[in-house]
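*Asks:* with the sequence up front, the predicted model follows.
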Amino acid sequence: MFKIIILAYLIGQDPMNTQKTFVLDNNFKTMEECKQKLLLRTRDNNTLNVLYDFVVANNFKYDWLSARCKNNDTGEEFIIEPTYPKGKPEEL
């Protein structure tokens, strides 16, 4: 089974000291199903749905450092990282 895993940190805090791993409840049978969910964009602002929902669900306290689809049994994974059009934040 594949799961979506998000590595995040508390906004405005040191990412090394506040990073936390969140495992979403979704279980996918294939990597392709997991990637489709992870990469889905339906909002007008072109954000990734899973990550937008994650930030909102955590009351905008966490921002993500990476997100991945991973199968713990096989070790297979697909990783995405945010892009920073205005440059990477200083704390990162």
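*Replies:* On my side now, so go ahead.
*Asks:* all strands of this structure, in order?
*Replies:* Counting by DSSP state E, the chain has strands at residues 2-10, 20-23, 62-71, 77-80.
*Asks:* same for the second one, what does it pack against?
*Replies:* Contact analysis of strand 20-23 by 3 or more CB pairs under 8 Å, 6 or more residues apart in numbering; DSSP states H and E lists strand 2-10 as its packing neighbours. Backbone N, C-alpha and C define where each C-beta goes, glycine included.
*Asks:* same question for the first one.
*Replies:* Secondary-structure packing of strand 2-10 (3+ CB pairs under 8 Å, 6+ apart): helix 15-18, strand 20-23, helix 31-38, helix 49-57, strand 62-71.
*Asks:* turn the ones you listed into a markdown table, columns for mean pLDDT.
*Replies:* Output for those, formatted as a markdown table (pLDDT from 0 to 100):
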| stretch | mean pLDDT |
| --- | --- |
| helix 15-18 | 90 |
| strand 20-23 | 95 |
| helix 31-38 | 96 |
| helix 49-57 | 94 |
| strand 62-71 | 94 |
